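Visitor: structure, please.
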Amino acid sequence: MLVKRILIFSSLIIIFLFSVQATLAQEPDYDRVNQIAKNMNCPTCVGVNLADCRTQTCEQWRGQIQDLLAQGYSDQEVLDYFANQYGTQVLLEPPKEGSTLLLWVLPVAALLIGGGWVVYLLRRWKKPVPAAAGGPAAAPAADDYLKQVEKDLEAH
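Guide: Residues are numbered from 1 along each chain as shown. Next up is the predicted model:
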């Protein structure tokens, strides 16, 4: 009876192991290939990701992605492979390290500096100008001009 249980248990383990191996060896599905391709730029079209472009080069690259996935590469390893082969310009989102870090920092810094400048200008523009202690005094030249106008009006 014990031998029978061991045989059944061993058989179940072997069946389980073969089913796991068969699952891992399956061809990668097109959804996964397209998900990775959405993170890459088309090498020939400007501003189009690899999943949406239908050029022959993109078809070949998607086939290459499928081959790499079939070999057991992870999604990130596939992206790293293409970045090493063709440069980081093939990635839709450049890595946030090294010289490309400026691409991420400069726009934020420019917005903060520009926003600070606008706030400074608005506060300066809104600030009232203090009046003189004795109230607004007319300029002496304006007084002379007003006297002359009054004389002219009385004369006519």
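Visitor: among the helices and strands of this structure, which has the poorest mean pLDDT?
Guide: Using mean pLDDT, DSSP states H and E, helix 2-24 stands out as the lowest-scoring helix or strand of the chain, at a mean of 69.
Visitor: in the lengthiest helix in the chain, what's buried?
Guide: Ordering each helix of the chain by length in residues (DSSP state H) puts helix 101-126 first. Counting neighbours by 16 or more other Cβ atoms under 10 Å, one finds that helix 101-126 has no buried residues. For glycine as for every other residue, the C-beta is placed from the backbone atoms N, C-alpha and C.
Visitor: and the helix or strand following it, how far out from the chain's middle?
Guide: Remark: after helix 101-126, the chain's next helix or strand is helix 140-155, criterion DSSP states H and E. Computed by Cα atoms, centre = their mean, to the nearest Å, the chain-centroid distance of helix 140-155 equals 69 Å.
Visitor: okay, now the unreliable bits of this structure?
Guide: Applying pLDDT under 70 to the chain picks out residues 7, 12, 19-28, 127-140.
Visitor: what about residue 144, distance to residue 150?
Guide: 11 Å (Cβ to Cβ, to the nearest Å).
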